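Visitor: from the sequence below, what's the structure:
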Amino acid sequence: MKTTFRVSTRADKTYCDLGVTLDLRAAPPLKAALLRALDKQRPLTLDAGSVERLSTACIQLLVACGMAFKSAGLDLTLNEPSEIFSAAFADLGLEPELQQWINEA
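Guide: Predicted coordinates:
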């Protein structure tokens, strides 16, 4: 089963739903989706509310994505990450990175 990530643009923002499983097999299509989002040169909102599995490889891609967006002067926000998503970042000592992306609105 091939994982795909839909990147959509509405108004002045880009959106990407991270789905349920972000395992090692999801890393290449996730990277492609994040690069497509960066190419749009608009702020990115990620929906991580359904994530039930998150690999270290995908966390590395998300952290790199955050750095790339910051370098480009674009915001990256995360809407309502699942407990599993948040715990995976915490397990790797990456809570500060995660907290800077969480949409508090």
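
Visitor: pretty sure Ala57 contacts Leu24?
Guide: Yes - counting by Cβ atoms under 8 Å, Ala57 does reach Leu24; the two are 5.4 Å apart. C-beta: built from backbone N, CA, C; applies to glycine.

Visitor: so the two - more neighbours on which side?
Guide: Ala57 (17 against 10; other Cβ atoms under 10 Å).

Visitor: so, low pLDDT: which residues of the chain?
Guide: Applying pLDDT under 70 to the chain flags the ranges 1-2, 103-105.

Visitor: need the next SSE after the longest helix seen in it, C-terminal direction.
Guide: Ranked by residue count under DSSP state H, the longest helix found in the chain is helix 56-71. Using DSSP states H and E, the next helix or strand after helix 56-71 towards the C-terminus is strand 76-79.

Visitor: ok, and for the longest helix of the chain, which residues are buried?
Guide: Across helix 56-71, burial judged by 16 or more other Cβ atoms under 10 Å covers Ala57, Cys58, Ile59, Leu61, Leu62, Val63, Cys65, Gly66, Ala68, Phe69.

Visitor: for the first one, list the residues it contacts.
Guide: Going back to what we said before, that points to Ala57. By Cβ atoms under 8 Å, 6 or more residues apart in numbering, the contact set of Ala57 is Leu24, Ala27.

Visitor: equivalent analysis for the fifth one, please.
Guide: With Cβ under 8 Å, 6+ apart as the criterion, the residues that contact Leu62 are Leu34, Leu46.

Visitor: for the closest residue to Arg36 other than its chain neighbours, give its distance to Ala27.
Guide: Excluding the flanking residues, the one nearest Arg36 by Cβ to Cβ, 6 or more residues apart in numbering is Val7, at 4.8 Å. The gap separating Val7 from Ala27 is 16 Å, by Cβ to Cβ, to the nearest Å.

Visitor: the residue nearest to Lys13 when sequence neighbours are not counted - how many residues pack around it?
Guide: Among residues not flanking Lys13 along the chain, Pro43 sits closest, at 5.2 Å (Cβ to Cβ, 6+ apart). Neighbourhood size, Pro43 [other Cβ under 10 Å]: 16.

Visitor: what about Pro43, distance to Leu35?
Guide: Taking Cβ to Cβ, one finds Pro43 at 16 Å from Leu35.
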